[in-house]
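A.B. asks: What shape does this take:
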Amino acid sequence: MSELNLTSAPAHLRHGSSIGQPLTRRDGVFKVTGQATYAADNHPPGMLFAVIAASSIAHGRVTSLDVAAARRHPGVVDVMTPDHKPPLAIDPEIKTNPFVFRMEALQSHEVRYANQPIAVVIAETLEAATEGAALLAPRYEVLPALVGLDAGESFVPPVVGVGNPTENHLGDVEAGLASADKQIDVTYETPPQYHNAMEPHAIVAAWDGDSVQIDMPTQGLALSLARVAELFGIAHDKIHIRSPFLGGGFGSKGLMGGPPVLGLMAAKLVGKPVKLVLRREQMYGPVGHRAPTRQRLRLGTDGEGRLTAIDHHARTVSSTFDDFYEPAADASHTLYASPAIRTSHDAVRVNTGTPLFMRAPGEATGSIALESAIDEMAWACGIDPLAFRLKNYAEAEPMTGKPFSSKALRACYDQGAARFGWSKRSLQPRQMRDDAGLLVGWGMGTATFPALMFQAEARAVIRRDGSGAMEIGAHDMGQGAWTALAQIAADELGLDIDRVAFKMGTSDLPDAGIAGGSAHTATAGAAIHSAGAAVIAKLADLATNDGRSPLFGAGNTGVIARNGRLIRRDDESRGESYGEILTRAGVSEIEARGTGAANPAAMEEYAMHAHGAVFAEVKVDPELAQIRVTRMVGAFAAGRIVNPRMVQSQLFGGMIWGMSFALHEEAITDRRSGRIMNANLGDYHIPVNADVPPLDVITVEEHDPHVNALGIKGVGEIGITGSAGAVANAVWHATGVRVRRFPIRIEELLMQS
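C.D. replies: Below is the predicted model:
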């Protein structure tokens, strides 16, 4: 499904703006009734099933596979190996642009990490393919695995993230520390984390000569199409990708990895449609993850508690064969005023799948360390943590000195603290208890995430029957794009939302950019805004140049589009419907395209960020050190809110993930073998419903005339960046024990208490 044509909208929207209204998900009924088609729900005629055989070692070489045994198994059609596979047009190890990463496409027998694909079995049934993969019985030449942040010699990478400088300097950090009245020097460690979405990575691929139909979940339709085109040496117009729904992505489906390419290769090998779906344990390796970090923060303050220096150094890891470095220290660029700031990174290579983008990359890992260190510095100064943050509030972006395009962080602090009751917090730790004798702790964290934008294009249509259409290759991975973008489209076309046919989710539609970096609504929305304005201008041109129209002579800047009509700005009693204008012009419909992109001049002049403040309450058993988060309040300022209901959902999700970061989530690697020991959803701990406390979200009003034409900032990732630190700080306040290795474990509280 790539179009949602709903026949009703709430009565209060029929003659007003859709933007700002808390509409329920337009795709919700499709999802709960099973009508929404995800990638693996597709079953083209003659389809076969492919199953990946994954490496059980982290480093070495496959010396043998019992291909004959697998092929003899009933139902097995073929076995794809490095020695038996269709050719690719280019080496998948070649990096053709910064958003291309090296992948395992059975190009050799070398093993570089555990769970690496080493063969693919194709069969008539899923069971036969699974059994055939088990019969391969691989043998290996095993080499020692490189594991952990001390696995080898560290080095300074050329860049971190995507093109960010490895080091940044402002002022004299060493002088600022030397002159400080108070100093702290603390080190924090964060673990590897894996985004294992509800919908695993999957592909259904059907070749027809040199053309291919692909069903796969992707956060970047255009990027995936381009990658398929270069790998298989075919024209873009020979590729059609459908991705109307994603069951979660969190960054892992932003860039095309090895598994979907293997599905395409398998379909080409056997000449029939093929479905390949990763098993849960296979999600830990070939589709990216959040790298571990070790972060050292040195802070200094003067006698009044004002920062004199911030020094933030982060060590991270990348794979042995590619380069992606978590930009954790960059979190210290934007939040707190200091005359001297230095951020730097180094890295080591380990036997792991390449770390990649995972919800709030850099900011999530960096902010839990920074916010913990800020709390430690506040305690050293004897100042309340909120008062300390306000004392060091940055009126301009600290590292660059640029003014913020907008910043309502003070209001976030004020409203969040008032809702939470922060003024009743004891300054000393381990002083608050509930009626059952449990230790009570209150902590807070500041949230920030850059207001990013990419490039996008949209196509708008107005029809003679008074309806409209908007087409854009956008993506909905659960964040509500089907709804929020349709709301923008309705407003820009001057129509009720039920009169707009909104199409998205396929690669033959205009490129919407990537759904990542909390930028999708701003990026796609800007393109929709531009396309809508362009088609209304065309319509107005028809009317204002027609002597028979009541709008004649008004000029297209002198009319307003509202409720399916154009009306004069200077006399709203004079106007006519879209249908009347098009009928008189003798056309059935008109169309226009529009683009959305960041404004380079505004980006050069202003620092653009969303902000927030999160307050958390925990209760800790004083004997057993069991921790439970019992309450969280988040206040966030993120520009114009398109749909408050969708925004609240996103912020809830971010806050829960932040809690998970602080208390639950960690991939544990066997240091001897390099294998992930908890590569499943039973042992890889994340919060379940019983772990999640009552959540309260406040969206603080903020108007930003510079960030983009609609004033929109993203909300998908900001919720993590304050929440993890808030929970960690609350645990310290409850117990008096500062745990600096995450997630916080019961045994560490017991050992230090």
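
A.B. asks: Going by C-alpha atoms from here, please, whenever you check contacts or count neighbours.
C.D. replies: Fine.

A.B. asks: Tell me where the chain is predicted with low confidence.
C.D. replies: Counting by pLDDT under 70, the ranges of the chain that qualify are 1-16.

A.B. asks: now do 90
C.D. replies: For the chain, applying pLDDT under 90 flags the ranges 1-17, 97-99, 104, 162, 555-557, 751-753.

A.B. asks: And it, what are its domain boundaries?
C.D. replies: 3-36+456-597, 40-144+199-281, 397-452+603-752 (automatic domain parsing).

A.B. asks: Need these in JSON lines (columns: mean neighbour count).
C.D. replies: Listed next are the domains of the chain as JSON lines, based on neighbours: other C-alpha atoms under 10 Å:
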{"stretch": "domain 3-36+456-597", "mean neighbour count": "21"}
{"stretch": "domain 40-144+199-281", "mean neighbour count": "20"}
{"stretch": "domain 397-452+603-752", "mean neighbour count": "21"}
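
A.B. asks: any chance of those in JSON lines, plus distance to S332?
C.D. replies: Below are the domains of the chain laid out as JSON lines (distance: least, C-alpha to C-alpha, whole Å):
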{"stretch": "domain 3-36+456-597", "distance to S332": "18"}
{"stretch": "domain 40-144+199-281", "distance to S332": "22"}
{"stretch": "domain 397-452+603-752", "distance to S332": "9"}
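
A.B. asks: Any idea which of the ones you listed gets closest to A314?
C.D. replies: For A314, the closest of the domains of the chain is domain 397-452+603-752, at 13.8 Å, according to C-alpha to C-alpha.

A.B. asks: Could you tell me which residues make contact with M47?
C.D. replies: Residues near M47 by C-alpha atoms under 8 Å, 6 or more residues apart in numbering: E124, K272, P273, V274, K275.

A.B. asks: distance of it from L749?
C.D. replies: According to C-alpha to C-alpha, to the nearest Å, M47 and L749 sit 54 Å apart.

A.B. asks: quick one: the longest helix along the chain to chain centroid distance?
C.D. replies: Using DSSP state H, we find that the single longest helix of the chain is helix 520-544. On the basis of C-alpha atoms, centre = their mean, to the nearest Å, helix 520-544 sits 27 Å off its chain's mean C-alpha point.

A.B. asks: Can you name every helix or strand that that helix contacts?
C.D. replies: Helices and strands touching helix 520-544, as assessed by 3 or more C-alpha pairs under 8 Å, 6 or more residues apart in numbering; DSSP states H and E, comprise strand 456-463, helix 481-493, helix 578-585, strand 589-596.

A.B. asks: so what does the longest one touch, helix or strand wise?
C.D. replies: Applying 3+ C-alpha pairs under 8 Å, 6+ apart, one finds that helix 481-493 contacts strand 500-503, helix 520-544.

A.B. asks: In terms of secondary structure, what does the first one contact?
C.D. replies: Think strand 500-503. Counting by 3+ C-alpha pairs under 8 Å, 6+ apart, strand 500-503 packs on strand 3-4, strand 468-471, helix 481-493.

A.B. asks: which one of the helices and strands packed on helix 481-493 lies closest to S318?
C.D. replies: Of the helices and strands packed on helix 481-493, nearest to S318 by C-alpha to C-alpha is helix 520-544, at 27.1 Å.

A.B. asks: Give the next helix or strand downstream of that closest one.
C.D. replies: Using DSSP states H and E, the helix or strand that directly follows helix 520-544 along the chain is strand 559-562.

A.B. asks: Who does that following strand pair with, and is each partner parallel or antiparallel?
C.D. replies: Sheet pairing of strand 559-562 (DSSP bridges) gives strand 565-568 (antiparallel).

A.B. asks: ok now do the residue lying closest to E371 once chain neighbours are set aside, which residues does it touch?
C.D. replies: Leaving aside its sequence neighbours, E371 sits nearest to G725 (C-alpha to C-alpha, 6 or more residues apart in numbering; 5.3 Å). By C-alpha under 8 Å, 6+ apart, the contact list for G725 reads S367, I368, A369, E371, S372, G443, M444, G445, G658, A662.

A.B. asks: How far away from the center of its chain is the helix or strand that contains the fourth one?
C.D. replies: The reference is to E371. Element membership for E371, per DSSP H and E: helix 363-381. Offset of helix 363-381 from its chain centre (C-alpha atoms, centre = their mean): 23 Å.

A.B. asks: Give me the contacts around it.
C.D. replies: 182-184, 186, 188, 190, 293, 295, 297, 299-300, 305, 327-332, 384-385, 388-389, 445-449, 658, 662, 720-722, 724-726, 728-729.

A.B. asks: Out of those residues, list just those in strands.
C.D. replies: Counting by DSSP state E, the part of the contacts of helix 363-381 found in strands is 182-184, 186, 188, 190, 293, 295, 297, 299-300, 445-449.

A.B. asks: name the helices or strands packed onto the host helix or strand of C412?
C.D. replies: Assessed by DSSP H and E, C412 sits inside helix 409-420. Counting contacts by 3+ C-alpha pairs under 8 Å, 6+ apart, helix 409-420 packs against strand 609-620, strand 627-637.

A.B. asks: can you redo those as JSON lines with distance to P510?
C.D. replies: Formatted as JSON lines, these follow (distance: least, C-alpha to C-alpha, whole Å):
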{"stretch": "strand 609-620", "distance to P510": "27"}
{"stretch": "strand 627-637", "distance to P510": "30"}
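
A.B. asks: related to what we said a few turns ago, and the domains of the chain: which comes nearest A178?
C.D. replies: When those are compared by C-alpha to C-alpha, domain 397-452+603-752 sits nearest A178, at 20.2 Å.

A.B. asks: In terms of helices and strands, where is the residue lying closest to Y140 once chain neighbours are set aside?
C.D. replies: Spatially, and ignoring its direct neighbours in sequence, Y140 is nearest to V62 (4.5 Å; C-alpha to C-alpha, 6+ apart). Using DSSP H and E, V62 maps to strand 60-64.

A.B. asks: Name the next helix or strand following that strand along the chain.
C.D. replies: Heading C-terminal from strand 60-64, the first helix or strand you meet, by DSSP H and E, is helix 67-72.

A.B. asks: need the next SSE after that following helix, C-terminal direction.
C.D. replies: Following helix 67-72 in sequence, per DSSP H and E, is strand 76-80.

A.B. asks: can you give me phi and psi for V715?
C.D. replies: For V715, the backbone dihedrals (degrees, to the nearest 10) come out as phi -130, psi 0.

A.B. asks: before we move on, the earlier item: can you pull the buried residues of the helix holding E371?
C.D. replies: 363-379, 381 (16 or more other C-alpha atoms under 10 Å).

A.B. asks: got the CA positions of stretch 583-602 in CSV?
C.D. replies: Provided in CSV are the C-alpha atoms of stretch 583-602 (Å, rounded to 0.1, in the frame of the first residue of the first chain):
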residue,chain,number,x,y,z
THR,A,583,-13.1,23.7,-15.6
ARG,A,584,-13.0,27.2,-17.1
ALA,A,585,-9.4,26.6,-18.1
GLY,A,586,-10.3,23.3,-19.7
VAL,A,587,-7.8,21.1,-17.8
SER,A,588,-8.6,18.2,-15.5
GLU,A,589,-5.7,18.8,-13.2
ILE,A,590,-2.5,20.8,-12.7
GLU,A,591,0.7,19.8,-11.0
ALA,A,592,3.9,21.3,-9.7
ARG,A,593,7.0,20.1,-7.9
GLY,A,594,8.8,21.6,-5.0
THR,A,595,12.1,21.0,-3.1
GLY,A,596,13.1,21.2,0.5
ALA,A,597,16.6,21.6,1.8
ALA,A,598,18.6,23.4,4.5
ASN,A,599,19.3,27.1,4.0
PRO,A,600,23.1,27.4,3.8
ALA,A,601,23.0,31.1,4.8
ALA,A,602,20.9,30.4,7.8
